[in-house]
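Asker: Kindly generate the corresponding structure for this input.
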Amino acid sequence: MSGQITTPTAAPDPEPAPSPLSDRLTMWARTRDIGERAAVAALIEEGDVLARGDVRQLLVVENGAFVFCDWARFEARYRCALVLDEGEDAFLTLVLATAFPRLVPLWKVEVLGDRRLGIVLRALACLGGSTAIAVGTRS
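Answerer: Residues are numbered from 1 along each chain as shown. The predicted structure is shown next:
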């Protein structure tokens, strides 16, 4: 032993855990137009559809540097690439119409159910620029 004193070196700080996808999508949406912001907010609020791996794989593009929704790719392929129930299909159709306003069959709202209908109505109010319209259960 040469009498050297060794100082223990601190372990490098672990990499911080990545932010949840919802946070990263919200950050991205802030730079987008109001329709895309409303569509992202609706997807995050609904939660179930965005939790599906097949939906995320088709809709969300992400790497270490960025994350975004590829609406065009999703719209072109979601009906043939995903197995959706009536409510999921209706919800995604209306979310896409919020992201890219166009003609959409409004009869789709019939199969949404109360929870998803409320989410879509809030997204439409946001698209219209309103923060004052309350959408929810009446007492």
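
Asker: how about the helices in this structure?
Answerer: 21-29, 34-46, 48-51, 53-59, 71-81, 86-99, 113-127 (DSSP state H).

Asker: Export the ones you listed as CSV, with columns for mean neighbour count, distance to residue 133 and mean pLDDT.
Answerer: Where you see a C-beta, it was placed from the backbone N, CA and C, and this is true even at glycine. Formatted as CSV, the helices of the chain follow (neighbours: other Cβ atoms under 10 Å; distance: least, Cβ to Cβ, whole Å; pLDDT from 0 to 100):
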stretch, mean neighbour count, distance to residue 133, mean pLDDT
helix 21-29, 16, 20, 92
helix 34-46, 21, 13, 92
helix 48-51, 16, 24, 93
helix 53-59, 16, 27, 95
helix 71-81, 14, 25, 92
helix 86-99, 22, 15, 91
helix 113-127, 18, 4, 85
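
Asker: Let's have these in CSV, adding distance to residue 107.
Answerer: Listed next are the helices of the chain as CSV, based on distance: least, Cβ to Cβ, whole Å:
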stretch, distance to residue 107
helix 21-29, 28
helix 34-46, 19
helix 48-51, 20
helix 53-59, 23
helix 71-81, 17
helix 86-99, 9
helix 113-127, 13
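
Asker: which one of those lies closest to residue 65?
Answerer: helix 21-29 (10.9 Å; Cβ to Cβ).
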